[in-house]
Every structure is written in structure tokens, then in C-alpha cells.
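In: What follows is a predicted protein model with its sequence.
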Amino acid sequence: MRHISEDQLELTQKWIARAHESSSVAKMLYQSDGDNGSIVNFAYYAMLYAVFALLTPYDVEKGVDKDHIAIAFFDDKFINSNIIPNDMSEELHNAYNLLQTHDFQPFFTISREQALKTVNSSDEFVKAIEKSIKEMLSKQS
């Protein structure tokens, strides 16, 4: 991870907080038998916000208006460099693809099992990214 300024650290913390909020909403929706599409939406965005936290030192999120650009940068900088395990990328791509299919194929239905898998993957993803950020910051000190 590049050196991170105080402003970037604050932004990183805000993205992680937003990731946790979205993850909590996804869990709450699942537990209250909410809409599966909404559950996956919140779970996916929790993952994306965690990616934004990780990318903050690269100023990537400032110019990103497409999720796939942030995901591609994440894969290039962190997955292809073996900084973050490959399975984290797979989970992110799975959530992205599931949400895209749901959003753009009106006859596609997300099952409860898919929603639960995405919630669990999202929770693990956010925790793993947060742990990686803490490790990278401790090396910076």
C-alpha cells in the first residue's frame, strides 16, 4: 500500500464504516425475510465500499463512476500481486455478476440461498479487507 496521508486515512475509515453499515443492513434484511435482490444489493455494496477503502491511497475512487473499473483496479493491484487472496476477488465478482443479472434480466430471481451466500461472503470480504488495511498501515508506521 502506498503511504497514506491523514486525509486519506480518514477517508479509508469512512469507506470501511460505510461497508460495515451496508453489511449490517444486508444481514438485517435477510433475518427479516427481506427482498433477496435488496439483500444482495447491500451485500455487494459493502464489498465495493471495502474496495474503495483499500484503493483510497491510489485516489481511484475519485474518478470511478463504474463499479467494474474499481474492481479491475483492485484485481490488478491486490489480487494479481498476491496481496489479497484470489478467493476474495472471486466472491466480489460473484456478487457483482449476481446483482447485474438481477438488475438487467427481469425474469431472473435471486434465491434465499444465493442471498445468504452473498451476505456471508460480503461479511468475510469486508473483514478481510479491513484486516489487510490494518496490516498495511502497521507496516507504514
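Out: Yes, it's here.
In: Output the lowest mean pLDDT helix or strand found in the protein.
Out: For the chain, the helix or strand with the lowest mean confidence is helix 67-74, at a mean of 88 (criterion: mean pLDDT, DSSP states H and E).
In: which secondary structure elements does it contact?
Out: With contacts defined as 3 or more Cβ pairs under 8 Å, 6 or more residues apart in numbering; DSSP states H and E, helix 67-74 has these neighbours: helix 36-55, helix 86-104. Every residue, glycine included, has its C-beta placed from N, CA and C.
In: winner for burial among the ones you listed?
Out: helix 36-55 (a mean of 25; mean count of other Cβ atoms under 10 Å).
In: returning to what we had before: how about the helices and strands packed on helix 67-74 in JSON lines, adding mean pLDDT and distance to residue 68?
Out: Shown next, in JSON lines, are these (pLDDT from 0 to 100; distance: least, Cβ to Cβ, whole Å):
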{"stretch": "helix 36-55", "mean pLDDT": "96", "distance to residue 68": "11"}
{"stretch": "helix 86-104", "mean pLDDT": "96", "distance to residue 68": "8"}
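In: So for residue 135, which of the ones you listed sits nearest?
Out: Minimum separation from residue 135 across the helices and strands packed on helix 67-74 (Cβ to Cβ) falls at helix 36-55, 11.5 Å.
In: by contact count, what packs against the closest one?
Out: Applying 3+ Cβ pairs under 8 Å, 6+ apart, one finds that helix 36-55 contacts helix 6-31, helix 67-74, helix 86-104, helix 112-140.
In: now the third one against helix 112-140, angle please.
Out: In this case it means helix 86-104. Angle between the axes of helix 86-104 and helix 112-140 is 130 degrees (criterion: axes from the mean of the first three to the mean of the last three Cα atoms, to 10 degrees).
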